[in-house]
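Enquirer: whatever this is, show me its structure:
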Amino acid sequence: MALLSAVATAILAVIIISMLYFGRDIFVPVALAILLSFVLAPLVGILQRIHVPRGLAVVSVVILAFSLIFAMGSLLATQLTQLAGDLPRYQSTISEKIQSFRDTKAGRGTLERASDMLKDLSKELDKPKDAPSARGSGSVAGFNTPAPLTPVPVEVRQPDPGALESLRTLISPLVHPLATTGIIIIFVIFILLQREDLRNRLIRLAGSSDLQRTTAALDDAASRLSRLFLTQLILNGAFGVVIGIGLWLIGIPSAILWGILAAALRFVPYIGAVIAAAFPLALAVAIDPGWSMLLWTPALFLVVEPVVGHVIEPMVYGHSTGLSPVAVVVSATFWTALWGPIGLVLATPLTVCLVVLGRHVERLEFLDVMFGDRPALSPPEIFYQRMLAGDPTEAAEKAEEFLKERSLASYYDEVALKGLQLAQADAERGALDQERLTKIRDAVNEFASDLSDQEDRPPAKSNSTTDAEASSAVESVAENATNETLPILSKESLPPGWQGEHPVLCVAGRSRIDEAAAIMLAQLSTTHGLAARVEGAEALSTTNVFRLDTSGVAIVCLVYLDANGPAHMRYSVRRLRRKLPKATIILGCWVKEIDPAALELLREGAKADLVAASLGEAVKLCIEATGVKDQEASKQEVSATVAA
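Expert: Numbers count the residues shown, from 1 in each chain. As a prediction, this is how the structure comes out:
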């Protein structure tokens, strides 16, 4: 069945690609119409909000848009005609520059050597073959060969075309562009008028059972695409205007033409601006007897493109359009091979549409996986993979990107702890040996050490991450997470029993994975002003528990990542209770999707004082056990009282 499914998918892909290639005369106008509808939809919405009827709003916007397009086309034709008429005048300038370069010592030597080499090769290629021998020629000596006959020139004259033939010759080149334009206009009007109906049909084809969620998702995707494409059009248009004005000031002919070309080619990722700069550079060489234009022209592009690409665009809609760099290159190659130059310009917008569909339509999720910039693995899976590979440094760098928008407790609970839960699942099915478990524990220890200088405070709203992996992790955390604003205590404010060197003791329940989770809990607790130390699972044995150093310990956190050993939990709590009769014992049972009632049953069975379902909750319970209020809140209350 898997083989048949793969073959059927391959056949379907070949059919779709063949249809796109052989039906490009139809699909190119449809694709242009879809993209134009995304650009024009916000304008139609604005007119509808001021009570303009929908039909009138659509027709008005489409007429305005295509009037601007036709005006730009007419301007381009005028500029091209003028440029074609001026080209012969530039030939002498190019000849003079070549001659001046040839007259230089370096240029003379290089050009002369190249010229001599080409002449030698030409002589070798043009050398005639040896004449055939007399014996093989079939001729007899002494007889004169007749003189060759002179051909009679023949001239073919066509009759003068009639008026109808001349009209057909004039109109035939315009038929295809006019037909394509007509198809685009009809499709744009149809899409804008029937937008909701088309959305519902797409939902039906997607086969989603949750209509409310899918409808909201597709509406959101359409609005995001509209804003993205409209913003790109405005930015690229502004880029073209700046380039056109700059080239006009430099003195490049047909500056309007090159400005429009720069705006259009900027839709091509990576190389669009380079291609747009090539034509003005060639003209700069041709028209300027000196070299100043050749220097000013690339300088203009080298200044304007980075400012737009790395300063203005990130402020407007972020660094990324949602595509991975590999996907941008692959899509550009694919669409160019199918549809030629127009495919190169449309490659990125079309692929963005496919990726957005993949994010919101379940059956098309493979498009997001293949072309999207979001990681193929979930943040917990990536964290677990890095711990397996022994790469805690990279994990710490991504965590710091996450901390630009959310708190450390959120990262530990939503990414790191869930990654350890994946490791626990592998350990339970026997996929991890002791060596790998130890490697994971050591990697987590180094990871926590790298984050030891990070504060667990809500970051400033102005901070934002541009890393795709960190953004994916941020999206997994609810905006109103309960442990986002845990207070940070000072040692001086703690009760006497909490002012020891390590008032919090984190003990692993059974395995190295539990010890890794205890390490993260200890680091998070220390960040909030409650210094903590970690003991491994071997400390709970009957022999070692009585040698356990408990000086200054006020609270004990017993950490488990599985709920399969209630008896082990009970015996561990009993041993800790004997060793620390006055300490509070928190049972941290961090099992994936465990029910609160089941957690309470485990606490009662183990005879623990408190139970926590996450690292953030465990730290919160430790802070509450001190009896100290949030110092910052207390200071604010005192300040308010004094002011009153």
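Enquirer: so Val352 is in which element?
Expert: Using DSSP states H and E, Val352 sits in helix 341-360.
Enquirer: how about Val611?
Expert: Applying DSSP H and E as the criterion places Val611 in strand 610-612.
Enquirer: can you name every helix or strand that that strand contacts?
Expert: Judged by 3 or more Cβ pairs under 8 Å, 6 or more residues apart in numbering; DSSP states H and E, strand 610-612 is in contact with strand 584-589, helix 596-606, helix 615-626. The way it works is simple: take the backbone N, C-alpha and C, and place the C-beta from them, glycine included.
Enquirer: what are the buried residues along the second one?
Expert: Looking back up the chat, that one is helix 596-606. Leu599, Leu602, Arg603, Ala606 (16 or more other Cβ atoms under 10 Å).
Enquirer: need the next SSE after the biggest helix by length in the chain, C-terminal direction.
Expert: In the chain, assigned by DSSP state H, the helix with the most residues is helix 211-250. Using DSSP H and E, the helix or strand that follows helix 211-250 towards the C-terminus is helix 255-265.
Enquirer: now the angle from that following helix to helix 211-250?
Expert: With axes from the mean of the first three to the mean of the last three Cα atoms, to 10 degrees as the basis, helix 255-265 and helix 211-250 are set at 150 degrees to each other.
Enquirer: contacting residues around helix 255-265?
Expert: 72, 75-76, 79-80, 83, 236-237, 239-241, 243-245, 247-248, 252, 272-273, 275-277, 279-280, 345 (Cβ atoms under 8 Å, 6 or more residues apart in numbering).
Enquirer: quick check: Lys620 vs Val534, distance?
Expert: Distance of Lys620 to Val534, given as Cβ to Cβ, to the nearest Å: 19 Å.
Enquirer: more neighbours: which of the two?
Expert: Using other Cβ atoms under 10 Å, the more surrounded residue of Lys620 and Val534 is Val534, with 24 against 18.
Enquirer: ok, back up a step: give the buried residues for the helix or strand just after the helix holding Val352.
Expert: Per DSSP H and E, the first helix or strand lying C-terminal to helix 341-360 is helix 365-371. Under the neighbour-count criterion of 16+ other Cβ under 10 Å, helix 365-371 has Leu367, Asp368, Met370, Phe371 buried.
Enquirer: ok so, going back, buried subset of the contacts of helix 255-265?
Expert: 76, 79, 83, 236, 239-240, 243-244, 247, 252, 272-273, 276-277, 279-280, 345.
Enquirer: of the helices and strands packed on strand 610-612, which approaches Glu155 most closely?
Expert: helix 615-626 (95.0 Å; Cβ to Cβ).
Enquirer: which other residues reach the closest one?
Expert: 409-410, 412-413, 417, 481-483, 486-487, 489, 494-495, 498, 504, 517, 520-521, 524-525, 528, 530, 554-555, 557, 584, 586, 588, 590, 610, 612.
Enquirer: which of the buried residues of helix 365-371 sits closest to Ser223?
Expert: Asp368 (18.1 Å).
Enquirer: in space, what's closest to the closest one - neighbours in sequence excluded?
Expert: Closest residue to Asp368 apart from its sequence neighbours, by Cβ to Cβ, 6 or more residues apart in numbering: Gly358 at 3.4 Å.
Enquirer: likewise Leu32?
Expert: Distance criterion Cβ to Cβ, 6+ apart; nearest residue to Leu32, sequence neighbours excluded, is Ile184 at 5.3 Å.
Enquirer: now name the helix or strand holding the one you found.
Expert: Assessed by DSSP H and E, Ile184 sits inside helix 163-193.
Enquirer: tell me the helix or strand right after that helix.
Expert: Downstream of helix 163-193, the next assigned helix or strand under DSSP H and E is helix 195-206.
Enquirer: how about stretch 561-579 as CSV, C-alpha atoms only?
Expert: Taking C-alpha atoms only, stretch 561-579 is exported to CSV below (Å, rounded to 0.1, in the frame of the first residue of the first chain):
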residue,chain,number,x,y,z
LEU,A,561,9.1,12.2,34.7
ASP,A,562,6.9,9.1,34.9
ALA,A,563,4.0,8.0,37.0
ASN,A,564,4.6,4.3,36.8
GLY,A,565,6.1,3.9,40.2
PRO,A,566,3.8,5.1,43.0
ALA,A,567,5.4,2.7,45.4
HIS,A,568,8.8,4.1,44.6
MET,A,569,7.5,7.6,45.2
ARG,A,570,6.0,6.6,48.6
TYR,A,571,9.3,5.0,49.8
SER,A,572,11.4,7.9,48.6
VAL,A,573,9.1,10.4,50.4
ARG,A,574,9.2,8.3,53.5
ARG,A,575,13.1,8.2,53.5
LEU,A,576,13.3,11.9,52.9
ARG,A,577,10.8,12.5,55.7
ARG,A,578,12.9,10.6,58.2
LYS,A,579,16.0,12.5,57.2
